[in-house]
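Asks: Mind folding the following:
(one chain, ligands or ions: 1)
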Amino acid sequence: MNDTTGMPASAVVLGGDSELAAAVLAKLAKRRLERVVLAGRNEEALARRGAELSALGVKDVRTVHFDATDHERHDGLASELASELGDIDLVLVATGALGRTGSDELTGAEVARSIDTNFTGPAAALVGFARVLRRQGHGTLAVFSSVAAVRVRRANFVYGSAKAGLDGFCQGLQDELAHARAGVRLMIIRPGFVHTKMTAGMAPQPFATEADVVADAVVRGLETSAELVVVPAALGPLSVLMRLVPRALWRRLPS
Ligand SMILES: NC(=O)c1ccc[n+]([C@@H]2O[C@H](COP(=O)([O-])OP(=O)(O)OC[C@H]3O[C@@H](n4cnc5c(N)ncnc54)[C@H](OP(=O)(O)O)[C@@H]3O)[C@@H](O)[C@H]2O)c1
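Replies: Modelled structure (predicted):
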């Protein structure tokens, strides 16, 4: 169970090789994290992340195959991991991929895959894990959305619209969980541009930051039972302004 400071003893990470997730887990390992399941597609990469966590003192680190687009598997996986771990204090959802942009070059299959990876897949997994947490009567779902979800930009409209879908889904699930008073909460994390392997080789956006800074904000969010973490914090008020910019101007902003 999460302790009084919101720190988990057990965690499941969907997208277990994510650099942002790894930075969060490294911080939680210094607190009271004891049991972790890294769920993802690349076994070698998961094993490497697992070894890093063991070196940081996490006693029980496991890996499991997880493909966000394999929807039929999610409910079963959530139940299996709950039985294996005994209790799941934290489910960190970190799957995502930027994909290509430019409607001229995109294929329909690419668009569908991007929306599945960034929205449909994580959403389908979330309901299974939310049910498991509700049954145990406690736990936190923490989901990586993005500032890209605040207002969809032409520069990355496929990724941005998928994240907007996931963000809206999470807001609805947050409300449902709060209404049910099931002891389960959901925290939405909206980072701006972060230097990780996802953004490698890209020109940094304004307010670009590092994984470590995001991880600190996530841990603070867990400690304070935050419903929304925007990082860097300056992007919070900017997000409000972004929604107010007239369409004609928004369309012309540099990508
Ligand atoms: N970095 C940023 O600037 C930034 C900003 C805002 C939000 N975010 C969000 O933060 C989260 C973590 O991103 P990150 O920066 O840590 O990037 P990352 O290191 O590339 O992590 C993304 C993870 O998603 C996994 N993934 C992709 N498609 C998958 C699928 N179908 N099934 C299972 N796993 C899949 C990748 O695993 P594979 O190796 O199997 O592809 C990878 O481990 C993502 O949701 C991202 O959208 C990132």
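Asks: Next, the most centrally placed residue in the chain: phi, psi?
Replies: In the chain, the C-alpha nearest the mean C-alpha coordinate belongs to residue 144, at 2.5 Å (CA atoms, centre = their mean). Note on residue 144: backbone dihedrals following degrees, to the nearest 10 are phi -80, psi 100.
Asks: go on, residue 61?
Replies: The phi/psi pair for residue 61 (degrees, to the nearest 10) is phi -120, psi 120.
Asks: Please report how far it lies from residue 33.
Replies: From residue 61 across to residue 33, the span is 10 Å (CB to CB, to the nearest Å). Glycine gets a C-beta too; all of them are placed from N, C-alpha and C.
Asks: ok, now residue 26?
Replies: Taken as CB to CB, the span from residue 26 to residue 33 is 9 Å.
Asks: okay, those two: which has more neighbours?
Replies: Just comparing residue 26 and residue 33: by other CB atoms under 10 Å the higher neighbour count belongs to residue 33, 26 against 18.
Asks: which residue sits closest to the more buried one, ignoring its sequence neighbours?
Replies: residue 58 (5.5 Å; CB to CB, 6 or more residues apart in numbering).
Asks: The one you found - how many residues pack around it?
Replies: For residue 58, using other CB under 10 Å, the count is 19.
Asks: likewise residue 227?
Replies: If you count neighbours by other CB under 10 Å, residue 227 ends up with 15.
Asks: Please look at it and residue 189 and confirm they touch.
Replies: No: Residue 227 lies out of contact with residue 189 (CB atoms under 8 Å); the separation is 10.6 Å.
Asks: what are the bridge partners for residue 12, then?
Replies: Residue 12 forms beta bridges with residue 37, residue 91, as assigned by DSSP bridges.
Asks: Do you know the pLDDT at it?
Replies: pLDDT, residue 12: 98.
Asks: still on that earlier bit, which residues are in contact with the residue nearest to residue 33?
Replies: The neighbours of residue 58, taking CB atoms under 8 Å, 6 or more residues apart in numbering as the test, are 25, 29, 33-36.
Asks: Stretch 151-164 near the ligand at all?
Replies: No: shown here: stretch 151-164 not in contact with the ligand (CB under 6 Å from any ligand atom), separated by at least 6.6 Å.
Asks: And the residue nearest to the centre of the chain, how far from the ligand?
Replies: 3 Å (CB to the nearest ligand atom, to the nearest Å).
Asks: quick one: contacts for the nearest residue to residue 115 once chain neighbours are set aside?
Replies: In this structure, residue 115 finds its nearest non-sequential neighbour in residue 162, 4.6 Å apart by CB to CB, 6+ apart. Contact analysis of residue 162 by CB under 8 Å, 6+ apart lists 114-115, 117-119.
Asks: Residue 185 too?
Replies: Counting by CB under 8 Å, 6+ apart, residue 185 makes contact with 140-141, 174, 177-178, 225, 227.
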